[in-house]
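K.L.:
3D, please:
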Amino acid sequence: MKNFWKISSYLKKHLSIVILVTIVLAIIIGAIFNLTALKSLTIPLTILIVFPMMIGLRFQDIFSLKDVKVQLITQIVNFALIPFIGYGLAIFFLHNQIELAFGLLLVALLPTSGAMTISWTGFAKGNVQAAIKMTIIGLFLGSLCAPFYINFLMGETILIPISRVVKLIFIIIIIPMILGQLTRIILARRYTEQSFNIEIKPKLPALSVWGLIGLIFVAISLKAKFIVSEPSIIIQILIPLVLFYFVTYILSSVVGKFFLIRKDAVALVYGTALRSLSLALVMTLTIFQEKGAEIALLISLAYIIQIQSASWYLKLVDTIFR
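P.N.:
Purely as a prediction, here's the structure:
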């Protein structure tokens, strides 16, 4: 068991490299073999990603009256500004690839990256409690608002079955949330809050890594033959993705610098620039049947950019928020 946690921790620490290797292996193996049967693993792998995060979250933190200003500004940036940045870039760069345009819009619609948002905020000495609250609020608001934004912005080109989205949200968010909180209650009988935070909570994101790697492998391998036949699609995807993250970091940094104190500004940046790519990935694979794997490639590449950008931004925090 100790070796399992060592391996999990190593994978989490080197996630950007691990994802890149996973994408390459998925393309090679998927191009050789027919892996259609793996699609049935989509929901279980997603639950493996979400469930550990739900154990670590304290939902009572939502109802505290602290951090009202930073929470309000964060949600304005997340739902009034960033979706339209993503939509503009999608239409400009991917207007001939409507499915890929949808993928970029979906990335822009689902804020906060769970453990990543919280951990990078902590690394940068930001307001971790505010980041935790952003994660919970963003998870629910993003899940509820995404179908309506999609219908409003792309309703004429892509039909999204609202009932299927609601059912999916129930399966991959509500059920893991209930099970996660029940698990937390059971663990509370054995561990104090302090020992839970020291012994259990740090291991939870590492457990989610296995689900993430599996989900990316399934997503890419299903479309491997298409990627091999059209390698230029990777460059076509990377340009708007890099621009999206670049513009988002600049926007949230400017807003944070002018309206918030340093620790809240850091939480704002990592609560807006980092997106909920796991949720975007499973929504893509579940809602879309044939086209889902193309969009999944975009989201998988977004993982690499997101992790690297979070690391690079950490080195700039003290310079930006002096």
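K.L.:
need the helices for the stretch 201-322 of the chain, in chain order.
P.N.:
For the stretch 201-322 of the chain, the helices defined by DSSP state H, counting those that start in this stretch occupy 204-221, 224-229, 232-259, 262-272, 277-287, 292-320.
K.L.:
buried stuff in the fifth one?
P.N.:
Buried residues in helix 277-287, counting neighbours by 16 or more other CB atoms under 10 Å, are found at 277-287. Where you see a C-beta, it was placed from the backbone N, CA and C, and this is true even at glycine.
K.L.:
same thing with the second one?
P.N.:
Buried residues in helix 224-229, counting neighbours by 16+ other CB under 10 Å, are found at 224, 227.
K.L.:
quick one: which of the buried residues of helix 277-287 is nearest Thr319?
P.N.:
Nearest to Thr319 among these, counting by CB to CB, is Leu277 at 27.1 Å.
K.L.:
adding distance to His95, write the helices of the stretch 201-322 of the chain out as JSON lines.
P.N.:
Listed next are the helices of the stretch 201-322 of the chain as JSON lines, based on distance: least, CB to CB, whole Å:
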{"stretch": "helix 204-221", "distance to His95": "24"}
{"stretch": "helix 224-229", "distance to His95": "20"}
{"stretch": "helix 232-259", "distance to His95": "11"}
{"stretch": "helix 262-272", "distance to His95": "26"}
{"stretch": "helix 277-287", "distance to His95": "19"}
{"stretch": "helix 292-320", "distance to His95": "15"}
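K.L.:
and the ones you listed, which one's lowest on average pLDDT?
P.N.:
Lowest mean pLDDT within these: helix 277-287, a mean of 76.
K.L.:
any idea how far the closest residue to Ser276 other than its chain neighbours is from Arg275?
P.N.:
Counting by CB to CB, 6 or more residues apart in numbering, Ser276 lies nearest to Leu110, which is 4.0 Å off, once chain neighbours are set aside. According to CB to CB, to the nearest Å, Leu110 stands 6 Å off from Arg275.
K.L.:
and these two? Which one has more around it.
P.N.:
Legend: neighbour count by other CB atoms under 10 Å for Leu110 and Arg275, higher for Arg275 (30 against 24).
K.L.:
so what's the nearest residue to the more buried one once chain neighbours are set aside up against?
P.N.:
Setting aside the residues directly before and after it, Arg275 is nearest to Val107 in space (CB to CB, 6+ apart), at 5.2 Å. Shown in contact with Val107 (CB atoms under 8 Å, 6 or more residues apart in numbering): 86, 241, 244, 275, 277, 280, 298-299, 302.
K.L.:
nearest to Thr36, of the residues you listed?
P.N.:
Using CB to CB, those come closest to Thr36 at Ile299, 19.7 Å.
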